[in-house]
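Visitor: here is my input; please provide its structure:
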Amino acid sequence: YSPWERGINENTNGLIRDYFPKGTDFNKVSELEINLVENRLNNRPRKTRGYKTPNELFKGVPTHLLRSLRCCA
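Guide: Predicted structure coming up:
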């Protein structure tokens, strides 16, 4: 794919770069730091999602679908 075909992915990559600039050695980044950034981004409202956060949208997914993905339930 081309970057412009996956706008939300590229936007998220840019948000991550706000915390971890290009060239960051992730061997030197603590799990706590990663978890903090993950939490901030997952609780940040997104215009493209009707100003809902990723966590709000995820909580609306039926449990049986999560099980079929083998995640989180």
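
Visitor: what's the end-to-end length of stretch 35-55?
Guide: End-to-end span of stretch 35-55 (CA to CA, to the nearest Å): 14 Å.

Visitor: now tell me what touches that stretch from outside.
Guide: By CB atoms under 8 Å, 6 or more residues apart in numbering, the surrounding residues in contact with stretch 35-55 are 7, 8, 12, 15, 16, 19, 20, 57, 58. From N, CA and C alone the C-beta is placed, and that goes for glycine too.

Visitor: need the pLDDT of residue 21.
Guide: Looking at residue 21, its pLDDT stands at 95.

Visitor: and it, how many neighbours does it have?
Guide: By other CB atoms under 10 Å, the residues close to residue 21 number 8.

Visitor: point out where this protein drops to low pLDDT.
Guide: 1-7, 63-67, 69-73 (pLDDT under 70).

Visitor: turn the contacts of stretch 35-55 into CSV, including secondary structure.
Guide: Shown next, in CSV, are the contacts of stretch 35-55 (DSSP: H, G, I helix; E, B strand; the rest coil):
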residue, secondary structure
7, helix
8, helix
12, helix
15, helix
16, helix
19, helix
20, coil
57, helix
58, helix
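
Visitor: which of the residues you listed are the two that sit furthest away from each other?
Guide: 20 and 57 (23.7 Å; CB to CB).

Visitor: which residues of the protein fall in strands?
Guide: Per DSSP state E, the chain carries no strands over any range.

Visitor: hey, where'd the helices end up in it?
Guide: Applying DSSP state H to the chain gives helices spanning 7-19, 31-42, 54-59, 63-68.
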